[in-house]
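[1] This is the structure alone, sequence omitted:
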């Protein structure tokens, strides 16, 4: 599936690499395997940046309506709870 001319091929390729990893997760997740947590809100912004829904089959015209800029470094502050010192 080739992206339209006005869409960044680099973004599509970045998204395709991670989509392939996500598609394989169900196969590779087993007891004892190591995985890292990433904030869902950050992940959703990144998915918009790389046209992730287009890679999953949604029409590009719909995906481009939600297009975002690169979300910046991974920010997990919304999944971490501070525990006060005692």
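    Looks like it arrived, so ask away. Because the structure is predicted, anything quoted here is derived from the model rather than measured.
[2] what's the closest residue to residue 56 other than its chain neighbours in contact with, if anything?
    Excluding the flanking residues, the one nearest residue 56 by Cβ to Cβ, 6 or more residues apart in numbering is residue 19, at 7.3 Å. The way it works is simple: take the backbone N, C-alpha and C, and place the C-beta from them, glycine included. Contact criterion Cβ atoms under 8 Å, 6 or more residues apart in numbering gives 52, 55, 56 as the residues in contact with residue 19.
[3] Could you tell me which residues make contact with the second one?
    Think residue 55. Here residue 55 is in contact with 1, 12, 15, 16, 19 (Cβ under 8 Å, 6+ apart).
[4] can you redo those residues as a markdown table with secondary structure?
    Shown next, in a markdown table, are these (DSSP: H, G, I helix; E, B strand; the rest coil):
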| residue | secondary structure |
| --- | --- |
| 1 | coil |
| 12 | helix |
| 15 | helix |
| 16 | helix |
| 19 | helix |
